[in-house]
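K.L.:
A predicted structure for the sequence below; I have some questions about it.
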Amino acid sequence: MRSFFLFIIRHYVVFMFVLLEGIAFYLIFTFNSYHNTYFLNSANALTGNVLNTYGNFQEYFALRQVNDSLLRENSKLREQLFLAEITDTTRHVVADSTGTPLYYYYPAEVIGNSFTEANNYITLNKGSNDGIEVDMGVITTEGIVGKVVKVSPNFSMVMSVLHSSFRSRVGIKRNNAAGRMQWDGRSPTHSNVIQMSEPGKLIKGDSIVTLSISDAFPPGILVGTMESYDKDPGSNYYNVRVDLSVNFSALRYVYVVKELEAKEKNELQQHIEDAGD
Amino acid sequence: MQAINWILRFVGLIFLILFQVLVLNKLNVGTYAHPYVYPMFLLLLPFNTPKWVMLPLAFLIGLTIDMFNNTPGMHAAACVAIAFLRPQFIKFYTPVTGYENVKAPSISQLGVIWFALFTLTMIFIHHLLYFFIQVFWLKDLGLVLLKVVFSTALSTMLIVILAFLFASRKTRL
């Protein structure tokens, strides 16, 4: 026993190295999948506040740009006014033609944003106190941004479209040909839509939008434009490369979308899936 | 003197981490280059830093960056590895005259070439590990190698420039 301890003491550096690497790899394998967002910490008090303070400071330098985007947003909102009925400043209600509310849009500010990692997250300055819930979609006026994966009382974490686990059903605006969107990790300005069925001919430059089958997003939200496509070898599907409409390096203001009939829709979908098994 | 040096080091560390998290991480240099300069703190530690200080310190610094980046464990793993390997590379790069009177890696005492080579090696290992750990999810080897090469070049350049800025102050101490 004595010699065992002496052995450990003599080689303590190696043991320490193995122990620390063990902890690090435990963290890597435990907390890097979609549903294990425990560690996702930029929503917690310390990092959230550092990012928030810096964001406040940085705002002054971005005012011009923000003005521009607000102007653009204003004009877009005006166009949508016949659909949207703004009840208060903390959320916007989007209703259908009979007046039944379909979506709430909660405006939020981006205080933390990564786009160069293999898995990117965005931190927002609104949390469960403001009505944000997990699995809500996040959009800007330019297009889709991601999905909420974690909320704390005052902050929330969004899994960006630039995340290896992000999946969404999207399609071509012109003819609703649908495919699955997922990021290949290459470039923060592009993403891919795989397994797109295509009855007609694909056209470069086509708008890719969310469809009514996309969960968490309202239909018709822009994703990007088709840059190129190729046929998936051995199947009749196409893989499409999408030039994303959102500039992830300049994200500032976003909307978190609450789908009011999400629960009903999910239950029905679950029901169909269960029946299919 | 020792205590003042350590306090300055930690002040520098806070600035390095903020610079990394608030400036560099928001920079979009291109698909392949993602500079990480915060390991500079580990490179500049005195030669006689005990390993039982160095390894946990490296782990904590890596974990701090991980917390901001939402990359649990990835930076920590890369940092612990370079902290563990550092003494071997210091030995490997021993100048002909040895390390007489030199207490820590510095441009003013060991020269730019020594410093750049040492930084390049350590940063290369750090980036290699970091980007390969990401591969568990990306599965794209060529892309990772390109990222390693371009990011290493950029990080090394930034660290040497930062070291120059700090060097003038360090020699006065």
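P.N.:
Perfect, thanks for sending it.

K.L.:
so how many other residues sit close to residue 118?
P.N.:
Picking chain A for this. 23 (other CB atoms under 10 Å in any protein chain shown). All C-beta spots, glycine's among them, are computed from the backbone N, C-alpha and C.

K.L.:
can you look at chain B instead?
P.N.:
Quick note: residue B:118 (other CB under 10 Å) scores 19 neighbours.

K.L.:
quick check: phi and psi on the closest residue to it other than its chain neighbours?
P.N.:
Using CB to CB, 6 or more residues apart in numbering or on different chains and skipping the chain neighbours, the partner closest in space to residue B:118 is residue B:93 (5.5 Å). Dihedral pair for residue B:93: phi -90, psi 20, per degrees, to the nearest 10.

K.L.:
tell me the contacts of the residue of chain B found nearest chain A?
P.N.:
As assessed by CB to the nearest CB, chain A sits closest to residue B:73 within chain B, at 3.1 Å. If you count contacts by CB atoms under 8 Å, 6 or more residues apart in numbering or on different chains, residue B:73 has them with A:23, A:24, A:25, A:26, A:27, A:28, A:31, A:32, B:63, B:66.

K.L.:
which ones among the residues you listed lie within strands?
P.N.:
Using DSSP state E, no member of the contacts of residue B:73 sits in strands.

K.L.:
which of those lies closest to residue A:145?
P.N.:
residue A:32 (20.8 Å; CB to CB).

K.L.:
and that closest one, what pLDDT?
P.N.:
With respect to pLDDT, residue A:32 scores 65.

K.L.:
quick check: chain neighbours aside, which residue is closest to residue B:64?
P.N.:
residue B:17 (6.0 Å).

K.L.:
give me the buried positions along the helix or strand hosting the one you found.
P.N.:
Per DSSP states H and E, residue B:17 falls inside helix B:2-18. For helix B:2-18, the buried set under the neighbour-count rule, 16 or more other CB atoms under 10 Å in any protein chain shown, comprises B:12, B:13, B:16, B:17.

K.L.:
can you redo those as CSV with pLDDT and distance to residue A:52?
P.N.:
Compiled in CSV, the buried residues of helix B:2-18 are given as follows (pLDDT from 0 to 100; distance: CB to CB, whole Å):
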residue, pLDDT, distance to residue A:52
B:12, 89, 24
B:13, 92, 22
B:16, 92, 21
B:17, 92, 17
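
K.L.:
so which of those comes closest to residue A:225?
P.N.:
residue B:17 (38.4 Å).

K.L.:
list the contacts of that closest one.
P.N.:
B:38, B:61, B:64, B:65, B:68.

K.L.:
and the helix or strand where the last one lies with helix B:2-18, angle?
P.N.:
Of the helices and strands defined by DSSP H and E, residue B:68 is found in helix B:51-69. The directions of helix B:51-69 and helix B:2-18 differ by 30 degrees, with axes from the mean of the first three to the mean of the last three CA atoms, to 10 degrees as the criterion.
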